[in-house]
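Participant: Quick one: sequence and predicted model below, then my questions.
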Amino acid sequence: MGTMYNPAEANSVKEMSAAREVFRKRGVRLEETAIAGSNEVLQAVQILAGRDIQAVWVPGDNTAIEGYEGAVKGAKDARLPLITDQCSELPRGGLACLGISLHSAALAAGKLGGRVLLGADPKDLLLEEVAVEELAISRGNADQLGLTIPPEFSQKVLP
């Protein structure tokens with residue numbers, strides 16, 4: 001698996017630290033390259049493609065997401081599947097996404113905000129962790145790569 005991230009983003013450093021451990025435990029080689037700007041994403045994917053990877057992963061890195069089209073182009077040119085953990089980005093291209101639903105988190109935050117607007121004292125509100133898993137697969141991109149989507153994922157397929 002090849003990935004890129006901006007080491008200046010604390011969120012990305014934390015995600016990459018966790019990812020390294022997960023990939024190591026699963027016996028998957030993780031190839032990384034650092035980026036400093038969104039204009040470097042395409043080149044990062046091209047570099048990763050030269051390292052004999054089988055897929056590209058765009059993490060929840062703000063810089064990588066900003067340059068997502070570069071990742072899509074690089075992966076397409078190299079005929080590699082592109083996976084992200086932000087499903088809101090899948091309409092921009094790529095094969096699949098698996099991550100936490102930002103929509104569900106926003107709804108939960110909105111409900112709390114609504115309660116405050118209706119007069120609730122914020123200190124009396126209980127905060128909850130909202131982590132709803134989201135998964136989607138692009139049929140069009142799977143077809144372009146010659147990949148068959150297993151039947152157990154049929155409800156997660158987008159056009």
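Facilitator: Thanks, I have it.
Participant: State the number of residues packed around the nearest residue to residue 79 once chain neighbours are set aside.
Facilitator: Excluding its sequence neighbours, the residue lying closest to residue 79 (Cβ to Cβ, 6 or more residues apart in numbering) is residue 145, at 6.6 Å. (C-beta placed from N, C-alpha, C; glycine too.) By the criterion of other Cβ atoms under 10 Å, residue 145 has 15 neighbours.
Participant: I'd say residue 145 and residue 82 touch.
Facilitator: No. Counting by Cβ atoms under 8 Å, residue 145 stays clear of residue 82, with 9.5 Å between them.
Participant: which residues are in contact with both of those two?
Facilitator: Listed contacts common to residue 145 and residue 82 are residue 95; contacts here mean Cβ atoms under 8 Å, 6 or more residues apart in numbering.
Participant: ok, back up a step: tell me which residues touch the residue nearest to residue 79, please.
Facilitator: Listed by Cβ under 8 Å, 6+ apart, the contact partners of residue 145 are 79, 81, 95.
Participant: pLDDT, distance to residue 128 and neighbour count for these - can I get that in JSON lines?
Facilitator: Output for the contacts of residue 145, formatted as JSON lines (pLDDT from 0 to 100; distance: Cβ to Cβ, whole Å; neighbours: other Cβ atoms under 10 Å):
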{"residue": "79", "pLDDT": "96", "distance to residue 128": "43", "neighbour count": "10"}
{"residue": "81", "pLDDT": "97", "distance to residue 128": "34", "neighbour count": "19"}
{"residue": "95", "pLDDT": "97", "distance to residue 128": "32", "neighbour count": "25"}
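Participant: And those residues, which is closest to residue 72?
Facilitator: Nearest to residue 72 out of the contacts of residue 145 is residue 95 (Cβ to Cβ; 9.9 Å).
Participant: Phi first, then psi, for the closest one.
Facilitator: Note on residue 95: backbone dihedrals following degrees, to the nearest 10 are phi -90, psi -50.
Participant: distance of the residue nearest to it when sequence neighbours are not counted from residue 145?
Facilitator: With Cβ to Cβ, 6+ apart as the criterion, residue 95 has its nearest non-adjacent residue at 4.2 Å, and that residue is residue 81. Distance of residue 81 to residue 145, computed by Cβ to Cβ, to the nearest Å: 6 Å.
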